[in-house]
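Chemist: Let's see this in three dimensions:
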Amino acid sequence: MKFSELNLEASLNAAIQKLGYEDCTPIQEQAMNPILDGNDVAGLAQTGTGKTAAFLIPLMERILRARPVTGDVSEEQKAITDKRAFKDWKPQNFILILVPTRELAEQVQENVTKLSEVSGLRGFAIYGGTGYDKQKEALRNGVEFIVATPGRLIDLYKEHLVDLKQVRAIVFDEADRMFDMGFKDDMKYILQRVPRERQFLVFSATLNFDVLNTAYQFGSEPVEINISRDQAKAENVKDMIFHVGNDEKPQHLLSLLKLHNPKQAIIFTNFKLSVEKIARFLVDNGVPAMAISSLLTQAQRNRVIEQFKAENNMNILVATDVAARGLDIKGVDVVINYELPNDSESYVHRIGRTGRAGTTGSAFSLVSEKDVEALARIEDYLKHKVEAGFLENDQLVKEFKPMTFQREDGYQKSDKPRGPRGERGDRGPRGDRGDRGPRRDNRGPRPEKREHGQQGQERGEGQQRKHGGGQGGRPEHKRHDGPKRHDHKRGDQSQQRGDFKKGPHQHRKGASAPKRAPTPPKQKSVGQKIAGFFKKLFS
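Modeler: A predicted model of the protein is given here:
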C-alpha cells in the first residue's frame, strides 16, 4: 500500500512526500488503519521496519483532523474527519510517547520534527542527564507530543509541570525493553494517572506476556499485529559466528573490520568498562572508532551519535546495549558482537541495527568458551543453528598492537595471546630448584643459640625501641618475672610483658624460650567452700 492511498491531511501528506516515503512497510500497512480508527494496537515487528512512523503518522493525522475546518469541504473529507479526528481535542491535550533510553527519545523526536515540518505540530524530548530549564519551558509553551523516559517524566509530574490528565493517547515504544530495564512500576504509575479513555499503543520487536498483561490490566483491548510470527530476526540480515579463544578476539575483530571495510559498523560489548578499551585498541591499530556507554554524560553521548551519523571517517561505534535500541542509522552495514548478549532478544535487537529499510547487512559474533551458554539460548530462540564461519590464515592480521587496559593498581595488562598455561618458560618444573642451589648455601651459618635470659633481654630491647621506649619515648614499664597466672577478670592483660602484648609471631617454633607450664590455682577443700558460702550468705 502507498501513503497516497491513505487520504492523509494535506500538510502531513506534503511532509511525507518531502521525506521520500512512498510505499508503506508491512507494520505500517497493518497498524495505521486501526490507529486511525481510534483502536488500541499492540504491534510486533523487527527493528528497522518503520514502527516509529507506523504510530506517529496516524496520530498526527488524528490531531490535524481535529483542527477547525475552514472553507468548503467535500462530503468525503468530512466523513474522513468525523471518523479519524480526536473528539473535543483541546490546546492543552497531548500525545505521550514513553521510551526506555535517552537515545531513543531523541530519535523519536527527530521523526516528530520531520513529519510535522509543514503542519506545525510541536514535540519535545524529555529525559534525564540534562538540565530541566529547556524542558520546563517547552511544557509551558505547549506541545502536541511529549517523548519521554519514565523517570524524568515522573519528576516533572510531581513538580506539577506535566498534567497527565491531558493525555489523549499513550505509546509505549520498545515496551519489553522498558520492563527489562526495571521501568515496570514507573509504567504502571503513569498509566494509573492518565485517563482511562485514552488510546493505548504498544510497539516492540519482541512483545512478552508482561507487556500485554499490563495493557489488559489497565482497560486496553489492543488489536494484536504480528508481522514476524514465524521469524525471530529480519530476513535481510546475514548473521554468522566465529569460534575463537577469548584471547583471539582482538585479532579477529581487527581482521573482520579490515576484511569487510564497512561503511558504518557497530561493535557491541556486554561491559561498559570494555567499550573504551576496544575503541582504543582499534584506534591504536589505525581504525578510527568512537565509544558510547552509560559512563558518558548525555551531552557527550549526543555528540558521539551525531558524529557517527555524519559522513566522515569516524564510521565505527563501540557500544553497550544502550545503543541497541532506537538508533535509526540506515547506513550501518556490519554489526559485530564482541561478546554474545546474555538474553536472546538483545541479540535480535543488536543485529537489527543493520539491514534496515530494505537494505542488506551482516552480523558477526565472536564466540569463546564464555559465550557457549548464551549461544545455546540464542539458537533455541531463533529455532535454528547460526552458521559458523572462519577466517583463512592469510585473512588474519598478523602485526598489530595488543589490546591493553589499565588495572586498579596501575599495571598495564595485555590481552595478547599467551602460551599454554602449563609451559613455564626457562623456569623449569616447580619441584626442580634448577640452578638456584641448596637453600642455605649463601645465607651463612645459623646464629648460635643464646641463653634464655640473654635472648629474652635482647628481644625486649628490640620491642622497646619499636614502641618508643627508653629516652624520648614512653616511660619504661617494669618487667614482671616469675610464673604467669591466668586472671579471669583481666583476660589477656595478664599476658603483657613490658609495654607490649605478645603476638602470635613470638610463639613460632624456635623463636623463643620454651614455655613454662602455668601454675594451677590452689584448690579449696569442701569445708572451706561451705564456710565461704555461709559467710557470703549472712554477711
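
Chemist: By mean pLDDT, flag the weakest helix or strand of this structure.
Modeler: For the chain, scoring each helix and strand by mean pLDDT, DSSP states H and E identifies helix 452-466 as the least confident one, at a mean of 43.

Chemist: So N312 versus F268, what's the distance?
Modeler: Relative to F268, N312 is positioned 22 Å away (CB to CB, to the nearest Å). To be clear about C-beta, it is placed using only N, CA and C from the backbone, and glycine gets the same treatment.

Chemist: who's more crowded, those two?
Modeler: Comparing N312 with F268 by other CB atoms under 10 Å, the one with more neighbours is F268, at 28 against 9.

Chemist: List the contacts of that one.
Modeler: A319, T320, D321, A323, A324, V335, I336, N337, Y338, E339, P341, R350 (CB atoms under 8 Å, 6 or more residues apart in numbering).

Chemist: any weak-confidence spans in the stretch 1-150 of the chain?
Modeler: For the stretch 1-150 of the chain, residues meeting the criterion pLDDT under 70 lie at 46-48.

Chemist: In it, mark out all the strands, start to finish.
Modeler: For the stretch 1-150 of the chain, the strands defined by DSSP state E, counting those that start in this stretch occupy 41-44, 94-98, 123-126, 145-148.

Chemist: Kindly reformat those strands as a markdown table containing distance to K83 and mean neighbour count.
Modeler: Formatted as a markdown table, these follow (distance: least, CB to CB, whole Å; neighbours: other CB atoms under 10 Å):
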| stretch | distance to K83 | mean neighbour count |
| --- | --- | --- |
| strand 41-44 | 16 | 24 |
| strand 94-98 | 19 | 25 |
| strand 123-126 | 25 | 24 |
| strand 145-148 | 22 | 27 |
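
Chemist: Can you add distance to P262 and give those strands back as a markdown table?
Modeler: What follows is those, written out as a markdown table (distance: least, CB to CB, whole Å):
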| stretch | distance to P262 |
| --- | --- |
| strand 41-44 | 29 |
| strand 94-98 | 32 |
| strand 123-126 | 29 |
| strand 145-148 | 30 |
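
Chemist: looking at the ones you listed, which is closest to T359?
Modeler: strand 41-44 (21.7 Å; CB to CB).

Chemist: neighbouring strands for that closest one, and are they parallel or not?
Modeler: Take DSSP bridges as the rule and strand 41-44 pairs in its sheet with strand 199-204 (parallel), strand 223-226 (parallel).

Chemist: and the ones you listed, which one is worst for confidence?
Modeler: Least confidently modelled of the strands paired with strand 41-44 is strand 223-226, at a mean of 86 by mean pLDDT.

Chemist: what sits up against stretch 86-96?
Modeler: By CB under 8 Å, 6+ apart, stretch 86-96 touches 59, 62-63, 65-67, 142-146, 148, 153, 163-164, 166-171, 190, 194.

Chemist: Which positions in it come out as buried?
Modeler: Buried residues in stretch 86-96, counted by 16 or more other CB atoms under 10 Å: F86, W89, N93, F94, I95, L96.

Chemist: okay, and for the stretch 301-450 of the chain, where does confidence drop off?
Modeler: Applying pLDDT under 70 to the stretch 301-450 of the chain flags the ranges 313, 322-328, 357-358, 405-450.
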